[in-house]
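**Q** Requesting a structural model of the entry that follows:
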Amino acid sequence: MSDAEATLPVDSPIQGPSGSDVNANSVCPSSDADPSAATAPLEGLEKRPLRPCPYGKLLLQKMSVDWKTASRAMKLSCRKPGVLIASVLVAFLAALCWGGNIAAVYPIFEVTMRGESLHDWADDRIERSEEQIAELKVRQAWLSTQSPEGAFAKAKHKMELGQVADQLEAEQERLQWTNRLRPYIVKYLPADPFKTIVMVVVFITIATLIKSACHITHQYFACRLTQGVTFDLRQQFFEAVLKSDSEINLNRGASQLWTRFSREIPHVSQGLTGLFGRTIGEPLKIAACLAGAAIINWRLLLVSLTIAPFAAWAIAALARKMKKQVASESDQAAAINQQLFEIILGLPIVQAYTMEPVERVRFRQASMECWTKSSRAIMFRALAKPAVEVLGLAVVCSAMLTGAHLVLNQETTVFGLKIAERTPDFAGLMVFIGMLVGAYDPMRKLGETMPQLMLGLAAAERVFNVIDTVPNVDEPANPIPLPTPHTHLTMEAVEFRYRANKPVLHPLDLEVRRGETLAIVGPNGCGKSTLAGLIPRFYDAVRGSVKIDGIDIRDASLVDLRKRIGVVTQNPHLFDDSVLNNIRYGKPEATMEEVVAAAMQAHAHEFIERDLADGYNTMVGQGGRRLSGGQRQRIAFARAILRDPEILILDEPTSQIDLESEKLILDTLKGLIHNRTVILITHRLALLELADRTLVMNRGRILQRGSHDELMKSSPQYRQLQRTGQLGVPGKKAA
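**A** Okay, the predicted model is just below:
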């Protein structure tokens, strides 16, 4: 990364809002958009009563966005299909053990209540079924001989005959099932009642151990999946940041990117932990228990679940509210981060102007707003668990009331609705309720997970918003190789603007030949740095083209283009690394001898060896803060010298260097600019003497071109710059 890639042009007239997350090229819609915009179509609805209300459409679109966001996160997990399949399999086995443990209670009820072994239970069950079948056949035969008169009597007779037929069929199936089961009971189960209970207890213990082992294995696989997806998200996010251009960064701001990376990606990770850890395993447990309850009595299960759709709708509405509050909380947290970033970076200014009280009030107001939104989000999160618990409790209670009515009154119907083929026994009812209770516990855990999932979903939208942002500066599909070395650089009718109707560069034409040094002067904000930034494609011209030997640089590979360019800006950025690695950054394969030679040319070697404790291994701190401005500038100069570029862009390269060092670097520049294309932005007359030509710019236009002497004669703007001290040492006029 060059200096200009890390530092935005200082004379850009527009500083974009750092808190904004909206870009015209974003693929995913920003979740930070004004919600009132979504309800705008509802205005004046009373004037169009025949048209459908768009609220349902908006809701479906929002649900579609949520589903797409969740499915994208899930697709990342499919990159490790083996782990995903293994996780589902062990979760399925754990669910079977969960339901099996509950079903194993049935023999205990039967043995304990009757004091008999399962052998006796099977024989008695067969005998009672045979007796019941015989009685039902007799009653069916008797009813068949009856011929009641009257429509009501005939209808009642027909219904009674149908009930007897259903009971007979159910009892025959019960007899067949018991006859098939009896040989296995006799062969594998003990005849002693106590030994039967011991064996069931051992089975439950083993099943519990297997379930626990499966749970641990499932959590391990879920962690592997979560960490894998989080790793991929971080890589994609970082790749998107590397591909973003200066225009996008102006609008987005570093603090917002930091919030997305440090806060939102961990929230996505937490959501995935809940998704893979519980949202896979717990529904399988619920399914196993409901399947067991359906085997016992599917009609009673349907009656118990009648309230479920209404409760599910309420929970879904709560989830949407929760997601909205979580997103609002996240936005406010990002705003606090942005304010904190600004204060940390500008702390000397805050202290110098004694603005601490004002900043305290601003930060307190932002913190109070965040506290309010966090409180609302916490309230909705707290409602999730009770809502799911009430749903589970309602299902269990309805089953208990309905089942108790059937058992106590020895009936098969409730309010005329057929619930069972035969009167249920107490043991069967207890196991049925146990199955529902077994489904209730996973539902409760899902309720605990729902806030985590909503938090992850809201965070994923923001992360994918950054990942999906299409940079304005893109790679061509079929790049054209640039000639080596090039012969000339041209700009043809180039225009540029950061915002519509606010041009920064008006149509201009320019040609710079290889070996020529072109200086650009003008007041601050006139577009000098923007013009230079078009060459390495930090942003692209709105109209016109920049060409190297007739090839539009938009048709060349970015790597091919930027490897030919070296940049030194007035605010060079150094990484929190050693001096050696900062100089070597543009050419990682450079030897120590080459690094030292570049440092000596930039007149940095002397202070590195003399003033820095560890010499070239000295850590410079974040942004190079352990060094002075002049030292940072010379290290950046050494980095550009080591790169040995064909095109050299110098944006106020000596603005932070003392006059003595500037004279030394001037001698270096005289040799360095030979046979290179040099774009020099400066206010120093000493550097202007190196230029073959000078451009005078103002308000995005090129006013005059020529040498220093020519411009002093023909350009009033150039003479004005010289008179006001904007050329040469500030406060002094050039001779």
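
**Q** Going by C-alpha atoms from here, please, whenever you check contacts or count neighbours.
**A** Fine.

**Q** quick one: the helices in the stretch 601-735 of the chain?
**A** 605-611, 629-643, 659-672, 685-688, 708-714, 716-723 (DSSP state H, counting those that start in this stretch).

**Q** out of those, deepest packed?
**A** Relative to the other members of the helices of the stretch 601-735 of the chain, helix 629-643 carries the highest mean neighbour count by mean count of other Cα atoms under 10 Å, namely a mean of 25.

**Q** For it, name the packing helices and strands.
**A** Counting contacts by 3 or more Cα pairs under 8 Å, 6 or more residues apart in numbering; DSSP states H and E, the secondary-structure elements packed against helix 629-643 are strand 565-568, helix 579-583, helix 592-601.

**Q** Compare those and give me the one nearest residue 516.
**A** Among the helices and strands packed on helix 629-643, strand 565-568 comes nearest to residue 516, with 14.8 Å by Cα to Cα.

**Q** Check which helices and strands that closest one is in contact with.
**A** Secondary-structure packing of strand 565-568 (3+ Cα pairs under 8 Å, 6+ apart): helix 3-6, helix 629-643, strand 647-651.

**Q** could I get those as CSV with mean pLDDT?
**A** As requested, the helices and strands packed on strand 565-568 are exported to CSV (pLDDT from 0 to 100):
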stretch, mean pLDDT
helix 3-6, 38
helix 629-643, 87
strand 647-651, 91
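
**Q** can you redo those as CSV with distance to residue 271?
**A** Shown next, in CSV, are the helices and strands packed on strand 565-568 (distance: least, Cα to Cα, whole Å):
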stretch, distance to residue 271
helix 3-6, 33
helix 629-643, 43
strand 647-651, 46
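
**Q** Which stretches in the stretch 251-400 of the chain count as helices?
**A** Using DSSP H, counting those that start in this stretch, helices in the stretch 251-400 of the chain cover 254-259, 265-274, 281-304, 308-345, 347-352, 356-409.

**Q** outside of the second one, which residues touch it?
**A** Where contact means Cα atoms under 8 Å, 6 or more residues apart in numbering, the residues beyond helix 265-274 that reach it are 222-223, 226-227, 229-230, 233-234, 449, 452-457, 459-460, 463.

**Q** same check, this time on stretch 507-523
**A** Contact with stretch 507-523 is made by 486-495, 528, 544, 673-683, 688, 690-698, 701-702, 718, 721, 726, as judged by Cα under 8 Å, 6+ apart.

**Q** Could you pick out the buried ones from these?
**A** Applying a neighbour-count criterion of 16 or more other Cα atoms under 10 Å, the buried members of the contacts of stretch 507-523 are 486, 488-491, 493-495, 528, 544, 673, 676-683, 688, 690-691, 693-698, 701-702, 718, 721, 726.

**Q** Which of those fall in strands?
**A** In strands, judged by DSSP state E, the following of these are found: 488-491, 493-495, 544, 677-681, 693-698, 701-702.

**Q** who wins for proximity to residue 218 among the helices and strands packed on helix 629-643?
**A** By Cα to Cα (comparing all of the helices and strands packed on helix 629-643), the closest turns out to be helix 579-583, at 44.2 Å.

**Q** Please save the CA atoms from the closest one in PDB.
**A** Extracted as PDB, the C-alpha positions of helix 579-583 are listed here (Å, rounded to 0.1, in the frame of the first residue of the first chain):
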ATOM      1  CA  VAL A 579      11.700   1.100  10.300                       C
ATOM      2  CA  LEU A 580      13.200  -1.700   8.100                       C
ATOM      3  CA  ASN A 581       9.800  -3.100   7.200                       C
ATOM      4  CA  ASN A 582       8.300   0.300   6.600                       C
ATOM      5  CA  ILE A 583      11.000   1.200   4.100                       C
END
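
**Q** Contacts made by that helix with the rest, please.
**A** For helix 579-583, the external contacting residues (Cα under 8 Å, 6+ apart) are 574-575, 588, 595, 599, 615-620, 635-636, 638-639, 642.

**Q** Among those residues, which one lies nearest to residue 402?
**A** The shortest distance between residue 402 and any of the contacts of helix 579-583, using Cα to Cα, involves residue 575 and amounts to 71.6 Å.

**Q** Could I get the contacting residues of the residue nearest to residue 212 when sequence neighbours are not counted?
**A** When the adjacent residues along the chain are set aside, residue 212 lies closest to residue 94, with 7.5 Å between them (Cα to Cα, 6 or more residues apart in numbering). In this structure, residue 94 makes contact with 210, 211, 212, 214, 215, 281, 285, judged by Cα under 8 Å, 6+ apart.

**Q** Specify which member of those residues is nearest to residue 167.
**A** For those, the nearest to residue 167 is residue 285 (31.9 Å; Cα to Cα).

**Q** ok, now which ones touch that closest one?
**A** Contact analysis of residue 285 by Cα under 8 Å, 6+ apart lists 92, 94, 95, 96, 98, 99, 438, 439, 442.

**Q** For stretch 197-216, what does the pLDDT average out to?
**A** Stretch 197-216 shows an average pLDDT of 84 in the prediction.

**Q** what about residue 410, distance to residue 424?
**A** Per Cα to Cα, to the nearest Å, residue 410 is found 8 Å from residue 424.

**Q** whoops, I mixed them up, residue 681
**A** According to Cα to Cα, residue 681 stands 93 Å off from residue 424.

**Q** With residue 712 instead?
**A** Taken as Cα to Cα, the spacing of residue 712 relative to residue 424 amounts to 109 Å.

**Q** Residue 695 too?
**A** For residue 695, the distance to residue 424 equals 98 Å [Cα to Cα].

**Q** again with residue 455
**A** Distance of residue 455 to residue 424, given as Cα to Cα: 45 Å.

**Q** Assess the claim that residue 680 and residue 654 are in contact.
**A** No. Using Cα atoms under 8 Å as the test, residue 680 is too far from residue 654 to be in contact (10.9 Å).

**Q** and residue 506, that one's in a helix?
**A** No. Residue 506 is assigned strand when assessed by DSSP: H, G, I helix; E, B strand; the rest coil, not a helix.

**Q** Can you give me the separation between the residue nearest to it when sequence neighbours are not counted and residue 542?
**A** Using Cα to Cα, 6+ apart and skipping the chain neighbours, the partner closest in space to residue 506 is residue 495 (5.1 Å). Residue 495 sits at a distance of 6 Å from residue 542 (criterion: Cα to Cα).
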